[in-house]
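J.: Okay, here's the prediction I keep looking at, along with the sequence it came from:
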Amino acid sequence: MKLTTRGHYSVKAMLDLSLQPGKKPTAVSAIAARQDLPAPYLEKLLIELRKAGLVDSVRGAHGGYRLTRPPAQISLGEILAAVGETIAPLSGHEPTADQAEDWVTFSVWRRLHQKMKDALYQISLEDLYYDARSWQAAQGDGASFVV
C-alpha cells in the first residue's frame, strides 16, 4: 500500500493538530508552514476531515481547526477514509466462475485487504506520535521531530 498525496498530507495535518496544546484551534497557514504543505490544498483536505467529523472549524481571528476527539480515539483508517484514500488491492477485478485460479487469488487478496483495513483502524494518531518519537530517540540527538 502506498499513500497518495491526499492521504499523506491528511495524516500530517492530523498529527500536527494532535500536538496542539489545550485543543486550541490552529490556522491552516500555521499547519501548512510547519508541515511544508500547500495551504490551499490543505484547506480542502481539512474540509473533508471536518465533514467526516474528525475536526471542527472555528471562525474568527483566533480560529482554525482542532480535533473533535483525543488522538487515541482517531484512527489512521478513519483519516484515510475521510479523504477517499483506498487500499483496495484489486479494484474492479471480479473473476468469472470458470476462472478457479483467479477466484483463489481474488480470495487471498480480499482477505489480505480486510486484514490491512482492520489494522489501519487499530492504529491511532497517538500511536503514530509515539512511533515518531521512538524513531527520533533511536536516531540520537541530531534528529529533529518533523511530523
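T.: Nice, I can see it.

J.: For this protein, which segments count as helices?
T.: Under the criterion DSSP state H, helices of the chain are mapped to 5-18, 28-35, 39-51, 76-82, 100-120, 125-139.

J.: which of the residues in the last one are buried?
T.: Of the residues in helix 125-139, those buried by neighbour count under the rule 16 or more other C-beta atoms under 10 Å are 125, 128-129. Backbone N, C-alpha and C define where each C-beta goes, glycine included.

J.: can you redo those residues as a markdown table with distance to residue 41 and pLDDT?
T.: Listed next are the buried residues of helix 125-139 as a markdown table, based on distance: C-beta to C-beta, whole Å; pLDDT from 0 to 100:
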| residue | distance to residue 41 | pLDDT |
| --- | --- | --- |
| 125 | 20 | 93 |
| 128 | 21 | 90 |
| 129 | 23 | 84 |
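
J.: what's the closest of those residues to residue 82?
T.: residue 125 (12.8 Å; C-beta to C-beta).

J.: OK, contacts around the closest one?
T.: 14-15, 18, 67, 71-72, 74-76, 79 (C-beta atoms under 8 Å, 6 or more residues apart in numbering).

J.: which residue packs closest to it, ignoring adjacent ones?
T.: residue 71 (3.7 Å; C-beta to C-beta, 6 or more residues apart in numbering).

J.: so that neighbour makes contact with residue 123?
T.: No: counting by C-beta atoms under 8 Å, residue 71 sits too far from residue 123 to count as a contact (11.3 Å).

J.: Which one's more surrounded, the two?
T.: Each of residue 71 and residue 123 has its neighbours counted (other C-beta atoms under 10 Å); residue 71 has more, 18 against 14.

J.: do you know how far the more buried one is from residue 132?
T.: 12 Å (C-beta to C-beta, to the nearest Å).

J.: next one: residue 86
T.: Going from residue 86 to residue 132 by C-beta to C-beta gives 24 Å.

J.: Go ahead and confirm residue 85 touches residue 5.
T.: No: the pair residue 85 / residue 5 is not scored as a contact, 10.1 Å apart, by C-beta under 8 Å.

J.: Looking at the two, which has the bigger crowd around it?
T.: residue 85 (19 against 12).

J.: Brilliant, that's me finished.
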